[in-house]
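1. Got a predicted structure plus its sequence, pasted below:
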Amino acid sequence: MSHTLLLLMIALLCARVQVAGEPINVQEGGTTILPCKLPKTLTGNENLEQISWQRKTKGKPLTDNFFTITKDEARLVNGPDRRFKYIGTFAEHNGTLQLSNVNVLDAGTYTCIFSIFPTGHPQTTVEITVSVPLQTSVNSTRPTLGNKEVPLVTCTAAGFKPPAKVSWQIDDRLKDKVTWTNNSTLLISDTTTTVSTLFGKPTKEINRNKVQCVIISEKQNETLPFEIQIYYPPLNVNIKKQSEGLVFTCEAEGNPNPTITWSRSGKALPPSVSAPSTQGATQGATQGATLTFEKKSPDVNGLYLCEANNTYGSNQSFLYVDFSPGTSSVTGWVLCIILFIILVTGSAVFLYKHGYFKLPRCLGFDREEVRTSSPNEEENENASV
């Protein structure tokens, strides 16, 4: 009788054993361990039949039996979730799990329950909290040149509780040209993401002006500097003759900086002519590429094309070279007409879009000719060699 009573007391004691584990805090996206190991003093020589896991979390507000472990297998009850991995050993009464890529919906209570025959169901419980990392950034909306007000820059403060205060520091010369608005969103993590957007007309006047996004909160204060970038295709392609030698420079401005290449219409560049392509590293700066003639020779005669390209478009200008003896002024007029036809055909869309149309100047040369022509003819130079 006394032996039976002792077993009954042990069974009641084990049935009520509930151990609270240390609370666990894990950062969103991280990995954590859910410990679950039953001391041998609670089991003795009795038989462990099963280890079960329950959870009650932000994503599963009702108690959910989600993991079962026996001596033969360890499995998820309600479908696969590769984030959970069994890392314990059943024979050692260890039901420990590993949870990777933790998110805010995983925050809550996890209970590990041992089924021991005949004594009962001792269990251990652990509380998990998930921290959302603070994230701050300032990014361009990649505005293109225009006259309508558009978003220029966004500044984001995410993971703050209470919400961060976001504002802008702007130079006096920009204060009348830009405005900003703030938008805050409360997330399921009980943190707030605030996005501040700077608005303005994307003109060349405000391109490359510097601003600062100021973030103030209980946890940290931060100032993020930024240079406004207005993106546009090459707007001007100008050919100029250098003061010395037979060297011509083709310059263009665009953002991002254009790649400038020289080519010869209908033919490859002669061996005596060099024209390396050029791409500048400075955003929004005027960039140039040279065309160099090592000698005056009829074999280099022809029409040369300078083309500027970036991700937003292209533009071009022409250079005609004629070192043939006895070139008449009539030839100059004929070449001018040819250049005009080429310009109209190749640049019609560009000229229509930007609203201007310039005829190339038509001049005759008595003997040797060098002609330049582009949509910005007044900035090109004609050189008589």
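-> In hand now; what should we look at?
2. mind listing the helices in the stretch 1-150 of the chain by residue range?
-> Secondary structure of the stretch 1-150 of the chain, counting by DSSP state H, counting those that start in this stretch: helices at 2-16, 40-43.
3. Can you flag the weakest of those by average pLDDT?
-> Note on these: lowest mean pLDDT is at helix 2-16, with a mean of 41.
4. how about the residue positioned nearest the centre of the chain, what does it touch?
-> Residue closest to the mean C-alpha point of the chain, counted by C-alpha atoms, centre = their mean, is N139 at 8.2 Å. Residues near N139 by C-beta atoms under 8 Å, 6 or more residues apart in numbering: 153-154, 156. For the C-beta atoms, the positions are set from N, CA and C on the backbone; glycine is no exception.
5. hang on, R264 packs against L305?
-> Yes: counting by C-beta atoms under 8 Å, a contact exists between R264 and L305, whose distance comes to 7.4 Å.
6. So between the two, which is more surrounded?
-> Between R264 and L305, counted using other C-beta atoms under 10 Å, R264 has the larger neighbour count: 19 against 16.
7. domain ranges for this structure?
-> Domain assignment for the chain, taken from automatic domain parsing, gives 2-131, 135-227, 232-379.
8. where exactly do the strands run in the stretch 51-200 of the chain?
-> 64-69, 74-76, 84-86, 97-99, 108-117, 123-131, 135-140, 150-160, 165-170, 178-186, 192-200 (DSSP state E, counting those that start in this stretch).
9. Report all helices and strands that the fifth one contacts.
-> The one in question is strand 108-117. Where contact means 3 or more C-beta pairs under 8 Å, 6 or more residues apart in numbering; DSSP states H and E, strand 108-117 is packed against helix 40-43, strand 47-57, strand 123-131.
10. I'd like those as TSV, with mean neighbour count and distance to F248 appended.
-> Shown next, in TSV, are the helices and strands packed on strand 108-117 (neighbours: other C-beta atoms under 10 Å; distance: least, C-beta to C-beta, whole Å):
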stretch	mean neighbour count	distance to F248
helix 40-43	12	91
strand 47-57	18	71
strand 123-131	18	63
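11. can you put the ones you listed in JSON lines and add distance to W168?
-> Converted to JSON lines, the helices and strands packed on strand 108-117 look like this (distance: least, C-beta to C-beta, whole Å):
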{"stretch": "helix 40-43", "distance to W168": "62"}
{"stretch": "strand 47-57", "distance to W168": "39"}
{"stretch": "strand 123-131", "distance to W168": "29"}
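12. Report how many residues lie close to E92.
-> 11.
13. isn't it right up against C36?
-> No: if you go by C-beta under 8 Å, E92 and C36 don't touch, sitting 11.3 Å apart.
14. who does K240 bridge with?
-> T249 (DSSP bridges).
15. how close does it sit to T192?
-> 56 Å (C-beta to C-beta, to the nearest Å).
16. Repeat that for N315.
-> Counting by C-beta to C-beta, the gap from N315 to T192 is 46 Å.
17. Look at these two and report which has more neighbours.
-> Higher neighbour count among N315 and T192: N315, with 25 against 18, using other C-beta under 10 Å.
18. For that one, which non-adjacent residue is closest in space?
-> P234 (4.2 Å; C-beta to C-beta, 6 or more residues apart in numbering).
19. Please, which helix or strand holds the one you found?
-> Here P234 sits within strand 232-241, counting by DSSP states H and E.
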